[in-house]
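predicted model, plus sequence, below.
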Amino acid sequence: MIAEVLLEISIKKSLDYLIPEAMAGDISPGVCVEVPIRGRMARGYVIKVKDTSDCSSLSSISRPLSIGPVITEDLFRLALWMASYYGAPIARVVKTMVPAGVRKGVQTRRQYLVSRAK
């Protein structure tokens with residue numbers, strides 16, 4: 001299976017990546033993934049899962065960075081509309097829609113409260 005990935009870096013189109021068999025159940029539209037591009041790793045969002053690609057040689061997705069979708073289908077449609085209406089790159093619009101804590105992989109903090117026993 002092949003994932004169409006929209007990268008957060010300045011590329012004007014989405015790229016196709018192979019989904020490894022071990023990750024097949026974890027990759028779905030909206031999931032944040034890490035992929036190789038030009039000798040380094042980049043963060044991106046799966047926008048579509050498909051069976052075929054126009055490219056003959058594809059790299060594989062390195063790992064999923066989120067459990068479940070970060071961008072829902074409705075939010076992605078809104079991002080497409082915003083990109084076309086305002087003339088902004090779709091990758092920048094999607095990056096703006098995702099909160100910084102989610103993009104950076106920040107985990108939720110636990111806060112403990114201590115009270116004095118009576």
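Done, it's in. Residues are numbered from 1 along each chain as shown.

for residue 37, see how far away residue 28 is.
Noted for residue 28: a distance of 21 Å to residue 37, by CB to CB, to the nearest Å. Quick note: C-beta positions are derived from backbone N, CA and C, even for glycine.

repeat that for residue 24.
Residue 24 is 22 Å from residue 37, by CB to CB.

and if you look at residue 17?
Counting by CB to CB, the gap from residue 17 to residue 37 is 9 Å.

grab the nearest non-local neighbour of residue 95.
Among residues not flanking residue 95 along the chain, residue 8 sits closest, at 5.1 Å (CB to CB, 6 or more residues apart in numbering).

return the helix or strand in this protein with minimum mean pLDDT.
Here the helix or strand of the chain ranked lowest by mean pLDDT, DSSP states H and E is helix 100-103, holding a mean of 74.

off-centre distance for it?
Centre-to-centre, helix 100-103 and its host chain are 11 Å apart (CA atoms, centre = their mean, to the nearest Å).

number of residues surrounding residue 99?
Residue 99: 10 surrounding residues under other CB atoms under 10 Å.
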